[in-house]
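Novice: Here is the input, now give the coordinates:
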Amino acid sequence: MLALLTLVCVVTYSFEIVFGLAGTILMLMVMSFFLDAKTLVVYSLLPQILVGVIGLARSPKTVSVAYLARMLGFAALGGFGGLYLFDIFSERAFHYLLAAAISGSGIYLALSPARLRMRTPAAHALDTLAGASQALFGISAPLAMTRLLGTFDDKTVVRNYALAFSLSMNVFRGVGYLGTGTINGSIVHMMLVSLPFLAVTLWFANQLHFRVNDRLFRRVVAWVILLGGATMFLNAP
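Specialist: Numbering: from 1, shown residues only. Now for the predicted structure:
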């Protein structure tokens, strides 16, 4: 099972480093047939951090630290609530909430115009919701990407902000997991076995981002999110 998980993550997180999101969504879409969603969400901490570190290290420096800090300030407000709720929901309720969160973002992006324009209050509201979603589901990119597509036009800038936002929130999530004892020995073992395979693959997969045009980038982002959410509903426990 661990070999299958590693193989799936090699493929799905290669997609994430190219498009800036959906690695965890795609991984859950496949692996939630075999393992429970909560275990997979906790495990996803490793590949998401690798994607953020490698993607940002091997891309043009397009992220403003001051702008990112404003996004993260609102996200942190939602993040504390998400960490609290993580231990309250049952597996079944958790699964359906995750599916609904993914599907809603996918529908919005798929039906929206090619160029969104996001006003500041709406942007801050999505930052807060993205923080809660990251802490609760291990996924913030659908909400963060919706916000970023309405703020920036260049796909590399959008992707890099999405990676920086996700990396920051995953560090926050990891600290929260350690504080609550959520990361156990079994999950640590899974992470250590997967680590070298994921690191090597993601290092080289990053360059594929620069071969993708803006229109394809936006359409693929929207429809993959929607597909992931729909599949989560279909394989609910």
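Novice: what ranges do the helices span in this structure?
Specialist: 2-19, 23-31, 37-43, 45-57, 65-86, 91-111, 120-137, 141-149, 155-180, 185-205, 214-234 (DSSP state H).
Novice: doesn't residue 142 make contact with residue 101?
Specialist: Yes: with contact defined as C-beta atoms under 8 Å, residue 101 and residue 142 form a contacting pair (7.1 Å). No exception for glycine: its C-beta is placed from N, CA and C like everyone else's.
Novice: Please determine how far residue 205 is located from residue 22.
Specialist: 14 Å (C-beta to C-beta, to the nearest Å).
Novice: who's more crowded, those two?
Specialist: The residue with more neighbours, out of residue 205 and residue 22, is residue 22; 27 against 20, by other C-beta atoms under 10 Å.
Novice: Count the neighbours of the spatially closest residue to the more buried one that is not a sequence neighbour for me.
Specialist: Distance criterion C-beta to C-beta, 6 or more residues apart in numbering; nearest residue to residue 22, sequence neighbours excluded, is residue 224 at 4.7 Å. Neighbour count of residue 224, defined by other C-beta under 10 Å: 25.
Novice: Tell me, how many residues neighbour residue 100?
Specialist: 13.
Novice: I misspoke; the intended subject was residue 61.
Specialist: 7.
Novice: got the contact list for it?
Specialist: Shown in contact with residue 61 (C-beta atoms under 8 Å, 6 or more residues apart in numbering): no residues.
Novice: ok, now residue 30?
Specialist: 8, 12.
Novice: same thing but at 7 Å, please
Specialist: residue 8 (C-beta atoms under 7 Å, 6 or more residues apart in numbering).
Novice: just to revisit the earlier point, and the residue nearest to residue 22, how far is that from residue 153?
Specialist: 21 Å.
Novice: still on that earlier bit, settle it for me: which of residue 101 and residue 142 has more neighbours?
Specialist: Using other C-beta under 10 Å, the more surrounded residue of residue 101 and residue 142 is residue 142, with 32 against 22.
Novice: Hmm, the more buried one is touching residue 225, no?
Specialist: Yes: using C-beta atoms under 7 Å, residue 142 is in contact with residue 225, at 5.0 Å.
Novice: Tell me, how many residues neighbour residue 9?
Specialist: 29.
Novice: What of residue 133?
Specialist: 27.
Novice: and the gap between it and residue 97?
Specialist: Residue 133 is 10 Å from residue 97, by C-beta to C-beta.
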